[in-house]
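Asker: Sharing a model prediction with you, sequence too.
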Amino acid sequence: MSPILKLLAFYYLCDQAAATQVLSSGDVATCMANYNQIKLEFIDEVPAPLGTPARAAQNRLGYAGFKAWEAANPDLVEELRAKAQLDLALLPKTGTIPIADLTGPLTHN
């Protein structure tokens, strides 16, 4: 699986998990780091330092790029969402989702 598809698959897993379960603080942090990395994948410049107005603008640009990608790839988005739902359905119902156990380690910038 390509690196961007791995990020996207993990994003949809987090999205589905958050819609159906309470995530641990560690899972929330991991999911947010992944989401931030996705937004960076949709910009064509070096990321500005965190907390700066330039980075906020890049986040908005990356978000718009991500949403445009979703609109242009509805079949793949549906496939990734369906896989996330299946993965979650196969987990034991423990009250939280062991996100890291489902995906293995991810590298974030």
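Answerer: Sure, I can see it.
Asker: next SSE after the longest helix seen in the chain?
Answerer: The residue-count maximum for a helix in the chain (DSSP state H) belongs to helix 53-72. Later in the chain than helix 53-72, the nearest helix or strand by DSSP states H and E is helix 74-89.
Asker: What helices and strands are in contact with that following helix?
Answerer: Applying 3 or more Cβ pairs under 8 Å, 6 or more residues apart in numbering; DSSP states H and E, one finds that helix 74-89 contacts helix 3-20. Every C-beta, even on glycine, is put in place using the N, C-alpha and C of the backbone.
Asker: Okay, buried residues for the helix or strand just after the helix it packs on please.
Answerer: Using DSSP H and E, the next helix or strand after helix 3-20 towards the C-terminus is helix 25-41. Using 16 or more other Cβ atoms under 10 Å as the test for burial, helix 25-41 gives 27, 30, 31, 34, 35, 36, 37, 38, 39, 40.
Asker: still on that earlier bit, what does the longest helix of the chain rub up against?
Answerer: 36, 38, 39, 40, 41, 42, 43, 45, 47, 48, 49, 77 (Cβ atoms under 8 Å, 6 or more residues apart in numbering).
Asker: Max pairwise distance over those residues: which two?
Answerer: The span of those, defined through Cβ to Cβ, is set by 49 and 77 at 31.2 Å.
Asker: neighbour-wise, which of those two wins?
Answerer: Counted by other Cβ atoms under 10 Å, residue 49 and residue 77 do not tie: residue 77 has more neighbours, with 15 against 7.
Asker: Provide a list of residues in contact with the more buried one.
Answerer: 12, 70.
Asker: now do the one 3 residues further on
Answerer: The neighbours of residue 80, taking Cβ under 8 Å, 6+ apart as the test, are 5, 8, 9, 12.
Asker: Mark which of the residues you listed are buried, thanks.
Answerer: Buried, going by 16+ other Cβ under 10 Å: 8, 9, 12, out of the contacts of residue 80.
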